[in-house]
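Visitor: can't give you the sequence, but here's the structure:
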């Protein structure tokens, strides 16, 4: 009985060729076509890497991974206080004054609008004294972006996040489009982004968006690497257009709230009361301390109870019952979310 030579299947041949061919031009490697393994885990011929950027070729030969660190000294305290105090103050004034005007008259409404000022001013002075901007930024910075083995690794001092490069796309913009925009001084950058979606575990609309290439040299390096591996690139609107859309969205929300106030301020109050529970639900999943969770829940209860007493009914018993019903509904929603997360984990 003759032994017939074993025939390789087309699939095995393709896999073998993929291991010995450039991931970009698909040319087979050989004595005259050298290869280099890049940070996405694939091998590319030296000619393709050099065509993308000679600097990229030199850097890749000397480094096992691509990284860039965002240090603490780049923060802008002025920007931090503008986003965390000035803009929220304007928003609260726009909401409280018309609401108070409709319910208790013009001058009493004006006095009611001063309530958020009296609340935020001591917090602002205290945050200046304690350098809240620096401490808040220190929770996230220094932060290092590392690309290795086809993963983007976001390294913090306390923890790290991992994302597959295949889940990401990039575009040219500036740091105002990133998660660090509350305290990072604006500058040109490449933005790595993942398609946003709802995260049930954190109970938040999650937007993964990080800036890289914060210097011209680093920007050229990252851009060349993205072009080499053919990472999807999207053409995004300008930052001015981006902020205009967000401003238009906020103004539309405020105007809609004012219309609802005119029709029924009690309905408006109920909607605001529902919105105030978003942060406690987020705190249940993300806060590390029990005290933080308790404070956020109790704070929402007290604020909604005060607003119920002020705008709906001056009966303290009704306000207390309202808070009790709110607490029961909150527990039901919290247990539902936990059950759903447990099912997804299993």
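Guide: Ah, there it is. Being a predicted model, the structure only gives us computed values, none of them experimental.
Visitor: please make it C-alpha for all contacts and neighbour counts, starting now.
Guide: OK.
Visitor: backbone phi and psi for residue 313, please?
Guide: Note on residue 313: its backbone torsions stand at phi -150, psi 130 [degrees, to the nearest 10].
Visitor: that one contacts residue 319, correct?
Guide: Yes: between residue 313 and residue 319 there is a contact under CA atoms under 8 Å: 7.3 Å.
Visitor: comparing the two, which residue is more hemmed in?
Guide: residue 319 (21 against 13; other CA atoms under 10 Å).
Visitor: which parts of the chain are strands?
Guide: When assigned using DSSP state E, the strands of the chain occupy the ranges 35-37, 43-45, 66-70, 143-148, 151-155, 160-164, 168-174, 188-199, 204-212.
Visitor: mean neighbour count, those: which tops it?
Guide: strand 43-45 (a mean of 23; mean count of other CA atoms under 10 Å).
Visitor: could you save the strands of the chain as a markdown table and add columns showing distance to residue 255 and mean pLDDT?
Guide: As requested, these are exported to a markdown table (distance: least, CA to CA, whole Å; pLDDT from 0 to 100):
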| stretch | distance to residue 255 | mean pLDDT |
| --- | --- | --- |
| strand 35-37 | 56 | 91 |
| strand 43-45 | 55 | 94 |
| strand 66-70 | 39 | 90 |
| strand 143-148 | 39 | 91 |
| strand 151-155 | 39 | 92 |
| strand 160-164 | 39 | 90 |
| strand 168-174 | 30 | 89 |
| strand 188-199 | 26 | 83 |
| strand 204-212 | 23 | 80 |
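Visitor: okay, the ones you listed in JSON lines with distance to residue 339 next?
Guide: Shown next, in JSON lines, are the strands of the chain (distance: least, CA to CA, whole Å):
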{"stretch": "strand 35-37", "distance to residue 339": "44"}
{"stretch": "strand 43-45", "distance to residue 339": "44"}
{"stretch": "strand 66-70", "distance to residue 339": "38"}
{"stretch": "strand 143-148", "distance to residue 339": "33"}
{"stretch": "strand 151-155", "distance to residue 339": "29"}
{"stretch": "strand 160-164", "distance to residue 339": "24"}
{"stretch": "strand 168-174", "distance to residue 339": "30"}
{"stretch": "strand 188-199", "distance to residue 339": "15"}
{"stretch": "strand 204-212", "distance to residue 339": "17"}
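Visitor: count residues in the vicinity of residue 157, would you?
Guide: 12.
Visitor: could you check how far it is from residue 143?
Guide: Going from residue 157 to residue 143 by CA to CA, to the nearest Å gives 8 Å.
Visitor: likewise for residue 86?
Guide: 27 Å.
Visitor: ok, residue 281 - how many residues close by?
Guide: Quick note: residue 281 (other CA under 10 Å) scores 22 neighbours.
Visitor: hmm, residue 143 and residue 153 touching each other?
Guide: No: Residue 153 is not in contact with residue 143 according to CA under 8 Å; the separation is 10.2 Å.
Visitor: quick one on the thing from earlier: closest to residue 117 out of the strands of the chain?
Guide: strand 204-212 (28.0 Å; CA to CA).
Visitor: got phi/psi on residue 156?
Guide: The phi/psi pair for residue 156 (degrees, to the nearest 10) is phi -110, psi 170.
Visitor: roughly how far apart are it and residue 71?
Guide: For residue 156, the distance to residue 71 - CA to CA - is 11 Å.
Visitor: residues shared between the contacts of these two?
Guide: The overlap between the contact sets of residue 156 and residue 71 (CA atoms under 8 Å, 6 or more residues apart in numbering) consists of 141-143.
Visitor: gap between the closest residue to residue 56 other than its chain neighbours and residue 86?
Guide: Among residues not flanking residue 56 along the chain, residue 221 sits closest, at 5.9 Å (CA to CA, 6 or more residues apart in numbering). The gap separating residue 221 from residue 86 is 38 Å, by CA to CA.
Visitor: neighbour count: the two, which is higher?
Guide: Under the criterion of other CA under 10 Å, the comparison of residue 221 against residue 86 puts residue 221 first, with 21 against 14.
Visitor: quick check: that one touching residue 55?
Guide: Yes: Residue 221 is within contact range of residue 55, at 7.1 Å (criterion: CA under 8 Å).
Visitor: wait, what's in contact with the residue positioned nearest the centre of the chain?
Guide: Centroid-nearest residue in the chain: residue 207, 4.0 Å away (criterion: CA atoms, centre = their mean). Going by CA under 8 Å, 6+ apart, residue 207 touches 179, 193-197.
Visitor: would you turn those into a markdown table with distance to residue 232?
Guide: Formatted as a markdown table, these follow (distance: CA to CA, whole Å):
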| residue | distance to residue 232 |
| --- | --- |
| 179 | 21 |
| 193 | 10 |
| 194 | 11 |
| 195 | 12 |
| 196 | 16 |
| 197 | 19 |
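Visitor: ok, those vs residue 293, which is closest?
Guide: residue 179 (23.1 Å).
Visitor: what pLDDT is listed against that closest one?
Guide: pLDDT for residue 179: 64.
Visitor: residue 103 too?
Guide: pLDDT, read off for residue 103, is 69.
Visitor: now do the one 5 residues further on
Guide: Here the pLDDT value assigned to residue 108 is 74.
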